[in-house]
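K.L.:
Generate coordinates for the sequence data below:
(chains A and B)
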Amino acid sequence: MANGIRAVTVPKWGLAMTEGTVVAWYANEGDQVKAGSDLVEIETPKITNLYESPASGVLRRCVAKVGETLPVGALVAVLADEEIPDADIDAFVAQFAKDFVPESVAESGAEVLKPQTTEIGRRRIRYLKMGEAESTPVVLVHGFGGDLNSWLFTQPALAQEHPVYAIDLPGHGGSSKQIDRGDLAFLASAVFELMTALELLSAHLVGHSLGGATAFELALSHPEHVKSLTLIAPVGFGPEINMQYVEGFMRASRPRQLRPIIEQLFANPALVGRKMLDDIISYKRLDGTVEALNTIAGTIFKDGRQAVELVPRLADLAIPLQIIWGESDRIIPAAHANGLPAPVRVHFVPGAGHMVHMEKAEEVNELIETFLHA
Amino acid sequence: MARKSFREAINEALRLEMRRDQRVIIMGEDVAGGMGAPGEQDAWGGVLGVTKGLISEFGPERVRDTPISESAFIGAAVGAAATGLRPVAELMFIDFAGVCLDQILNQAAKLRYMFGGKATVPLVIRTMYGAGLRAASQHSQSLYPIFTHIPGLKVAIPSSPYEAKGLLIRAIRDDDPVIFCEHKMLYDETEEVPDEAYSIPFGEANLTREGEDITIVAIGRMVKFANQAADRLVSRGVACSVIDPRTASPLDEETILESVNETGRLVVVDEASPRCNLATDIVALVATKAFSALKAPVSIVAPPHTPVPFSPALEDAYVPNPAKIEAAALAVMG
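P.N.:
The predicted model follows:
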């Protein structure tokens, strides 16, 4: 904090984000805010998210007005102690505006964070690495129909203290669409092959939904390579699954048809941006995608129920396990996490749906970080 | 995924489909370049380099230079399509359709119907259209309405690199003849395009943005201009929906009507000459099927009814642009 003055800037959520629009302020000028308290709601073409204050201090200026669209890195607000004179704040704002170079301009030439692909056997797997810390790596595994971008709020946070690898499962994102039988054993072995190829000999696994069951399967088959397991709204803990969602996801070919389907993933449907829908439609157009999803759905969600039962296998699991579930999950009921044996740490997050790690990102990040430290 | 130009996106679509299906061949003037003379192979790759590099992977059997006779090679492509290949013929400029129109309108478009559905013509004619390259009146026209008028043909008009790749793959896999119209000023436009093959369905318009005040339907290169105008209109308090029909035939009437029913206002932007173009067609559609939804008279942004001028100043004045679209939208808003 230069001279006790701290800039709050438009965050970069996900690789594609270039600008954000201020939707609402959650604090007023003059308020004392704490690090981590709700500060401002920012809308991107993909998703709307609450931005929490990166530091404590008095909110001296709300520089960005509601409705204003600013590039990533632009000044949104100024935090400072009470005793710093207004003139200093004004000078800071003016200087920031003078020095600011938007990322789109600054980055041309510089190295941009990009997903990589690697060939394993005859299969192409795409992944994104973030973070250079010398500590146990974290591997993030997305859910059915998702991809590595679903970790846009999770990966940068965990990457502060760990190297973090977000991967695209076979049949998903930029990975090959051939998925053999499409069962858990296959998906888990694909993740394990990537870990082997990247020499991740021991890693924390974090999996969401189908990716949660995949991570569980991997932990059972290769316990020596898995340090801990965080499952977010995982598949495999009960028979119910919202097949109306699964089938709607497969069927929709236009953003307008897809919107009411994708809105079911969130407790607050207003968070869903147009770009999220466009990205899913583009993914579904790729050769082999719909066939791959059909195979997976036919195997894992056979006859409209979950065909995978992980609870009886909990006893075989010898590594720490935590489960995080959005209380308002409309895809897989959060009640599936009730009554699990004691060593399993279970956290229910209020006001969140199936995509709890996007909807309540800070809360989920903190749960994961605390768990990784333990 | 990487940023690719419109030119690269089309090249990649051709390459992926030629790998996938042995029956896909390319033919046209200078598509390989050099007319077989040693040392000149792949010198051109089409007049603007779109097919460059394909001959080295697929050889002269599948990437065929043709004589400068559109009536001959378009006719040959129709025959090849009817007898088992899936040719992609390059008609260098859409303006040259005049010399091979019988092959397109009476042969390609009609064979399926003449033979009671027993014949198919899985032919793609890739062709370059549009003004802006200072290429004068015989190399600058936007003649896609002529093909839209002919039953039996499908007409695709991609508006961006992503659209071009997906629509061309769809065109090659289609069992009917497709006229694939590429605006010459788009070849160097870039955007993120997946490396893998994907196909965009025909007859499914792309609602490129959603706003409640006015619907702008724009064709091909005009889609970008319409979105630029819509960006500027935000500051005037006007929220636009912008529709890219993607294919003129089949036309996604539903998306257009649904949007006009929501906004009650319509501007159509078409680079084709103003008489009997796509704009008049779309306006007629709305007048017959959604008249009661209209809150204001519709507006058309199109060039004047004149050949494309050679004078750069006049050519620039001739083509629709974001400022003209913005003005038209504001006039409709009243």
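
K.L.:
Which helix or strand contains residue B:7?
P.N.:
Element membership of residue B:7 [criterion: DSSP states H and E] is helix B:6-20.

K.L.:
Show me where the chain dips below the pLDDT cut-off.
P.N.:
No chain was given, so I picked chain A. A:1-3, A:103-112 (pLDDT under 70).

K.L.:
hm, I was asking about chain B
P.N.:
Using pLDDT under 70, chain B drops low at B:34-43.

K.L.:
Domain map for it?
P.N.:
B:2-193, B:206-333 (automatic domain parsing).

K.L.:
mind putting these in JSON lines, mean neighbour count and distance to chain A included?
P.N.:
Quick note: C-beta positions are derived from backbone N, CA and C, even for glycine. Converted to JSON lines, these look like this (neighbours: other C-beta atoms under 10 Å in any protein chain shown; distance: least, C-beta to the nearest C-beta, whole Å):
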{"stretch": "domain B:2-193", "mean neighbour count": "20", "distance to chain A": "6"}
{"stretch": "domain B:206-333", "mean neighbour count": "20", "distance to chain A": "7"}
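
K.L.:
Quick check on residue B:267: phi, psi?
P.N.:
phi -130, psi 130 (degrees, to the nearest 10).

K.L.:
Does it touch residue B:216 like I think?
P.N.:
Yes: using C-beta atoms under 8 Å, residue B:267 is in contact with residue B:216, at 4.8 Å.

K.L.:
tell me, what's touching these two both at once?
P.N.:
B:325, B:329 (C-beta atoms under 8 Å, 6 or more residues apart in numbering or on different chains).

K.L.:
Compute the distance between residue B:57 and residue A:363, please.
P.N.:
Distance from residue B:57 to residue A:363, counting by C-beta to C-beta, to the nearest Å: 52 Å.

K.L.:
can you pull out the strands in the stretch 1-150 of chain B?
P.N.:
For the stretch 1-150 of chain B, the strands defined by DSSP state E, counting those that start in this stretch cover B:2-5, B:24-28, B:63-65, B:86-93, B:124-129.

K.L.:
how about the residues of the stretch 251-374 of chain A near chain B?
P.N.:
A:253, A:254, A:255, A:256, A:274, A:282, A:285, A:286, A:287 (C-beta under 8 Å from any C-beta of the partner chain).

K.L.:
Mind putting these into a markdown table with neighbour count?
P.N.:
Shown next, in a markdown table, are these (neighbours: other C-beta atoms under 10 Å in any protein chain shown):
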| residue | neighbour count |
| --- | --- |
| A:253 | 14 |
| A:254 | 16 |
| A:255 | 19 |
| A:256 | 12 |
| A:274 | 15 |
| A:282 | 18 |
| A:285 | 21 |
| A:286 | 20 |
| A:287 | 15 |
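
K.L.:
Pick the one among those closest to residue A:81.
P.N.:
residue A:274 (40.8 Å; C-beta to C-beta).

K.L.:
so what's the closest one up against?
P.N.:
Applying C-beta under 8 Å, 6+ apart, the residues contacting residue A:274 are A:45, A:255, B:209, B:210.

K.L.:
Then residue A:221?
P.N.:
A:185, A:188, A:189, A:192.
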